[in-house]
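Colleague: Provide a 3D model corresponding to the input given below.
(chains A, B, C and D)
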Amino acid sequence: MKRELIINGKTYQVDAVNMDGHELSFVFEGKDYVFKQRKNKSRLVITNDHLNHVVRCSRTARNVQVNIGPLEAFVELPGAVRAKKSGGGSGSLKSSMPGNIFKIFVTEGSLVKKGDKILILEAMKMEHTMTANTDGRLTKIFYKEGDQVEGDVELAAITPEKDAE
Amino acid sequence: MKRELIINGKTYQVDAVNMDGHELSFVFEGKDYVFKQRKNKSRLVITNDHLNHVVRCSRTARNVQVNIGPLEAFVELPGAVRAKKSGGGSGSLKSSMPGNIFKIFVTEGSLVKKGDKILILEAMKMEHTMTANTDGRLTKIFYKEGDQVEGDVELAAITPEKDAE
Amino acid sequence: MIRKILIANRGEIAVRVINTCREMGITSVTVYSEDDTNLPHAFLSDEAYCLGSGALADTYLNQDKILSIAGQCGADAIHPGYGFLSENPLFCEKVTTAGIAFIGPTPESMLLMGDKITSKKKMAEAAIPVIPGYNGDNQDNAFLMGQAETIGFPVLIKASGGGGGKGMRVVHQAADFPDALEGAKREAQNAFSNDRVLIEKYVPRSRHIEVQVFGDTHGNYLHFFERECSIQRRHQKIIEETPSPALTPEKRAAITASAVEVARIIGYVGAGTVEFIYDEADNFYFLEMNTRLQVEHPVTEMVTGFDLVRLQIEVAAGEALPVQQADIRQTGHAIEARIYAEDPDNEFLPTTGVIEQIGMSRINGVRLDSGFCDSNRVTINYDPMLAKLIAHGMTRTEARERLLLGLDDIPFQGVKTNRDFLKRVLSSRPFNEGNTFTTFIAEFGSVLAKRDYSNDELALIIAGFLFYEKDTPVSADETTAQNAWDIISGFRNV
Amino acid sequence: MIRKILIANRGEIAVRVINTCREMGITSVTVYSEDDTNLPHAFLSDEAYCLGSGALADTYLNQDKILSIAGQCGADAIHPGYGFLSENPLFCEKVTTAGIAFIGPTPESMLLMGDKITSKKKMAEAAIPVIPGYNGDNQDNAFLMGQAETIGFPVLIKASGGGGGKGMRVVHQAADFPDALEGAKREAQNAFSNDRVLIEKYVPRSRHIEVQVFGDTHGNYLHFFERECSIQRRHQKIIEETPSPALTPEKRAAITASAVEVARIIGYVGAGTVEFIYDEADNFYFLEMNTRLQVEHPVTEMVTGFDLVRLQIEVAAGEALPVQQADIRQTGHAIEARIYAEDPDNEFLPTTGVIEQIGMSRINGVRLDSGFCDSNRVTINYDPMLAKLIAHGMTRTEARERLLLGLDDIPFQGVKTNRDFLKRVLSSRPFNEGNTFTTFIAEFGSVLAKRDYSNDELALIIAGFLFYEKDTPVSADETTAQNAWDIISGFRNV
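Modeller: Coordinates of the predicted model:
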């Protein structure tokens, strides 16, 4: 079986994935790997040859966070990947962090230049100014002042225009 | 509702037990008690008035172990109580600990005196000699040398006899 | 004698105070907002009262509500922690007027040190070296611009009323001054309800070195040595240590003597921290005094062996400090790393989520001061600091290595944190060499970049994920992702 | 240079060595019996090998199997922990013959100190005070009885070949001697494959005081001060501390000097412990030397700041001890409590079961060295010690209070332990007053009795149980009890 996994934002191909009871084998970047599982209640230990690796995994909304000793990785969930791909285009303005919309400087329909202040997000008593990432027309603002938003959601749409000057 | 609970080996009556959502009330030794529950996942916090008590409970084969701050109690399970009551009589010899039957000194049918060595139990490289708890006839030995036993199980039966001298 | 303490704070510092109360046999009382019902400070105390929900002004900053709870529960002292009401002289006065001991300095000390103007003036008079700057009443924008030009760029704009990097801006040239001033004032207003700012000379390559001092009501003034807190992002400390790798025994003697002198001049009572700017030529300048316990106090505790919260409580009870200066020694080295819910790869902006698994370290000499436990939610309503991990060792190298391993043991799964970034700082060569200036992160950005994993490391991660997935099917199409989110959100109101 | 260490042990001491390897960047290799597959030492190491199942002789005492694993994995050193093969000179020789470093003393030191006969002779020659006794080859029962009468009752019968209270009997009168001798010999044979015993004068009210010493291959001999281990049940230590409350500075200087002299006389290499009997008249007598790390070594680590396992590894690598005697200081006080799976209300006999919840302490200065983690099974096949909790404080009182609170935090639910008994000892007045003799438990039995709970306390327990029962229906009629037991037993083979 082939698998495609997005780990820390990069896409990797895993080939010949085979799970046989407590044994897993696969091919990655041309090399064969075999791992065994030793599980007791919620604790997961995997071994290759005699090497021990204690694996801790937790699921968040979009990822599975995997920690193995000093290694930390966020493996994206297949569905989340699709959702992201279908998300806003190049002119969309996404929230830099979860927070409150503290102030909006521009109105829908106005022309903006790259670097213009669009709005201020506020979280944990800290402000963050969001600026236009392209020249164009601000076609839509999805929130109003005082709204609370999650991180990485589309706040406004900017349509690049030829005459945007 | 009335409840009878055996806590650390003693029996207690609890009256007017009423569980209403997150609120519990009962009468114990003539005094009214009201407790509220604050539960998050596996953590159980109970409060009376504004006093916090973090409760930890684990079930073992015969008890629920309850720890609340410095308090520790073993609350017997109703079934276990009955089982115990129906167990061997006064002349029965129960294992003092889990272990192996290392040596048996007497044979079935022989007469024994209180204090006579019956057998040696061995656990964790340590010996414990079990002696007769009454004068009488050793009517039954339930195990043989080399057997492994749990703690507090009947090992042998001694029937008190008038002529046991 | 203090028998019952109300802790007017939340998170790790509230838990910290609970622990010492527990050791001293003092009843601890905590307060918590409805959002915080499942946080440890709400249930680890002996007694807890809900402050309801709403803005900070309605909960942790609601002086009347807190005072009324103190009266209701019969507390004989209030510990304010740090932040919140800890440096508020009005609150302090209200507390003492109500016949309750305030575990902290007098309102006079707070007033003096809280406004940076008079404090610097007073220190300069007493021949304590101070940094050049303008600390005046005139808050006119144009006037402040003029002052900046007189001092000479680069300058630092700082909120008079607070700390923690809020309302603070470095300005390198006159053209950037007006915008920076406006932003600083607005942040200051939001954070401290006071938009007053001061301007001072910015020393670009300097160290932040501070001295822990203590005074009592019997005229004793002691220091518990220094802490170096130069590793900062957005003017907020993220790694602190003691001893400072920069100080010679002579400089240590000089800077600690200055700090004790500051405490003595103002008749300081309780725990305080005198902060200095330490430049490349080994000059130090008085910066400010924090009239409360600091976030980074554990490194001092681990190196001196004293419980600073216990000393605070004893001093507030009117006892004399139970120790002489000569009995306070530095043994070994301690380093603290602050775990923030933030994304170092996204300008250190805050993150949120549910903490699924904190983890726990098995390394000796490692201490975790956490305000959260498993399945707690991190929201945008409070400070993004989740916990502090502190490691002690016989040498700086040992402390550093223990801290690095300790950080591996506490992944704080579920919320993006700065943990990996902290590891990169701690394992970098400049940190190892003690080349620690407040510009550290900007200066050594390239050294601090995340490295790519090798193929064998990636294979291990892939294997871990696939085994996990086998027992816990994961996918995030619209429906299940929504469900997962609902489940997580559900914890909030349980 | 040592890069890879095989740890030939199990449980908490194996985990202890893993931790230091981790800090030193050394690869750790562990071995485990099939029964122990889920114990921490089997998975916290970098590399692990299964020893199969069966008797100890087939697993942890199987010298050939362990040596073959060491060869297979390329270990350059073996750490034997304590017990098992740690004091076996033959094993030590096999290891060094195979070109692998043995982390411990030379076989000659082991031989000398392992048999109590020659060791006492040698010490007496060197003017080290020794306890009167018979240590000869003649093991004839009647002859030994004669020796006991010559020494004068009470006497102590002890196994020559080992420790841990196995094969040990106190005999108060001649009539009890034959039975006691027979039992001691049989236990000795089972535990150490050697039924040889020695007889010595029993000092009824004495303290057990021992000194941690270290030698290296460069002729340096150091001590790391004393430990007092007087609180014992069945001749096995359960509470240990340092400094000893009994020693004056002069006595401390004398006893540590004697211990260093013992190490010097025999050219000792590595970590060793010289044990003394300390009587009511402040005389001390050499008892024996343990040529390995002790169970109670953490109290020394907490008070001196040194990692003794690190020093062992450095010495085994041929390095000189990195410290001078004057740099080793006692800072504060540390107390250790050993958690045993045993029932203090049933003659301290062992118990078994599945550990459901260990818990974890939030108290500063508290360290848990555990060989078990949640859901591990405790069986009758191994030593009943589950873990050690160690607390450090600036004073003995602070350490004691921290240890008491720490014990509350780790209920080790699921298996009956001696935890509550340890708390009763630590909170008793005689312990508080340092009135600590090896007869402590017998002498103060009435003080150590379990107190009854008040009605309010019982009500709290009842409430806790009823809330738990609501979400987790419990009952133990024949069927469900059997099921519950099956479920628990099932873990064993997972």
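
Colleague: backbone dihedrals for residue C:19, please?
Modeller: phi -60, psi -40 (degrees, to the nearest 10).

Colleague: ok, now which ones touch it?
Modeller: C:309, D:362-364 (Cβ atoms under 8 Å, 6 or more residues apart in numbering or on different chains). Quick note: C-beta positions are derived from backbone N, CA and C, even for glycine.

Colleague: wait, doesn't residue C:203 sit right on residue C:281?
Modeller: No - counting by Cβ atoms under 8 Å, residue C:203 stays clear of residue C:281, with 10.3 Å between them.

Colleague: who has more neighbours out of the two?
Modeller: residue C:203 (20 against 5; other Cβ atoms under 10 Å in any protein chain shown).

Colleague: circling back to that earlier point, which members of the contacts of residue C:19 are classed as buried?
Modeller: Burial by neighbour count, judged by 16 or more other Cβ atoms under 10 Å in any protein chain shown, picks out C:309, D:362-364 from the contacts of residue C:19.

Colleague: low-confidence stretches in the chain?
Modeller: Picked chain A for this. A:78-90, A:162-165 (pLDDT under 70).

Colleague: oops, I was thinking of chain C
Modeller: C:163-164, C:475-494.

Colleague: what parts of it come near chain D?
Modeller: Applying Cβ under 8 Å from any Cβ of the partner chain, we find that chain C lies next to chain D at C:15, C:19, C:22-23, C:44, C:301, C:305-307, C:331-332, C:360, C:362-364, C:367, C:394, C:398, C:401-402, C:405.

Colleague: list the ones among these that fall in strands.
Modeller: residue C:367 (DSSP state E).

Colleague: which stretches in the stretch 301-450 of chain C count as strands?
Modeller: C:333-340, C:342-343, C:349-350, C:353-354, C:366-370, C:377-378, C:385-393 (DSSP state E, counting those that start in this stretch).

Colleague: which of the ones you listed sits closest to residue B:144?
Modeller: Residue B:144 lies closest, by Cβ to Cβ, to one member of those: strand C:366-370, at 52.0 Å.

Colleague: that closest one and chain B in contact?
Modeller: No - counting by Cβ under 8 Å from any Cβ, chain B is not contacted by strand C:366-370; separation bottoms out at 14.6 Å.

Colleague: in that strand, what counts as buried?
Modeller: C:366-370.

Colleague: quick one, that strand and strand D:366-370 angle?
Modeller: Put simply, strand C:366-370 runs at 110 degrees to strand D:366-370, going by axes from the mean of the first three to the mean of the last three Cα atoms, to 10 degrees.

Colleague: what's strand C:366-370 packed up against?
Modeller: When contacts are defined as 3 or more Cβ pairs under 8 Å, 6 or more residues apart in numbering or on different chains; DSSP states H and E, strand C:366-370 packs onto helix C:11-24, helix C:297-304, strand C:385-393, helix C:396-409.

Colleague: is residue C:214 in a helix, a strand, or coil?
Modeller: Put simply, residue C:214 is strand when judged by DSSP: H, G, I helix; E, B strand; the rest coil.

Colleague: next: the one 10 residues further on.
Modeller: On the three-state scheme (three-state DSSP), residue C:224 is labelled strand.

Colleague: for residue C:200, give me phi and psi.
Modeller: The phi/psi pair for residue C:200 (degrees, to the nearest 10) is phi -140, psi 160.

Colleague: same question, residue A:147
Modeller: Dihedral angles (degrees, to the nearest 10) for residue A:147: phi -70, psi 150.

Colleague: tell me the spacing between it and residue D:300.
Modeller: 60 Å (Cβ to Cβ, to the nearest Å).

Colleague: picking that back up, now, among the contacts of residue C:19, which is nearest to chain A?
Modeller: residue D:362 (21.4 Å; Cβ to the nearest Cβ).

Colleague: is the closest one in contact with residue D:402, as I believe?
Modeller: No - assessed by Cβ under 8 Å, residue D:362 is found out of contact with residue D:402, at 10.8 Å.

Colleague: nearest residue to residue 23 in space, please, no chain neighbours.
Modeller: No chain was given, so I picked chain A. residue A:36 (5.4 Å; Cβ to Cβ, 6 or more residues apart in numbering or on different chains).

Colleague: to clarify, I was referring to chain C.
Modeller: In space, and not counting its chain neighbours, residue C:23 is closest to residue D:401: 5.9 Å by Cβ to Cβ, 6+ apart.

Colleague: count of neighbours near that neighbour?
Modeller: Neighbours of residue D:401 (other Cβ under 10 Å): 20.

Colleague: so it versus residue D:408, what's the distance?
Modeller: According to Cβ to Cβ, residue D:401 stands 11 Å off from residue D:408.

Colleague: residue A:29 too?
Modeller: 52 Å.

Colleague: the two: which has the busier surroundings?
Modeller: residue D:408 (20 against 14).

Colleague: just checking, that one touches residue B:56?
Modeller: No - using Cβ under 8 Å as the test, residue D:408 is too far from residue B:56 to be in contact (10.7 Å).

Colleague: tell me who's in contact with the residue in chain A positioned nearest to chain B.
Modeller: Nearest residue of chain A to chain B: residue A:42, at 11.3 Å (Cβ to the nearest Cβ). Listed by Cβ under 8 Å, 6+ apart, residue A:42 has no contact partners.

Colleague: with only the CA atoms kept, save the strand or helix carrying residue A:129 in PDB.
Modeller: Element membership of residue A:129 [criterion: DSSP states H and E] is strand A:126-131. Provided in PDB are the C-alpha atoms of strand A:126-131 (Å, rounded to 0.1, in the frame of the first residue of the first chain):
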ATOM      1  CA  MET A 126      -1.100  41.800  22.700                       C
ATOM      2  CA  GLU A 127      -1.800  43.500  19.300                       C
ATOM      3  CA  HIS A 128      -0.900  42.200  15.900                       C
ATOM      4  CA  THR A 129      -1.400  44.400  12.800                       C
ATOM      5  CA  MET A 130      -2.500  42.600   9.700                       C
ATOM      6  CA  THR A 131      -1.500  44.200   6.400                       C
END
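
Colleague: what does it contact?
Modeller: A:93, A:95-97, A:99, A:102, A:114-122, A:155, C:166, C:183, C:186-187, C:347, C:349-350.

Colleague: buried ones only from these, please, as a PyMOL command.
Modeller: Buried residues among these (16+ other Cβ under 10 Å), as a PyMOL selection:
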select buried, (chain A and resi 93+95+96+97+99+102+118+119+120+121+122+155) or (chain C and resi 166+183+186+187+349+350)
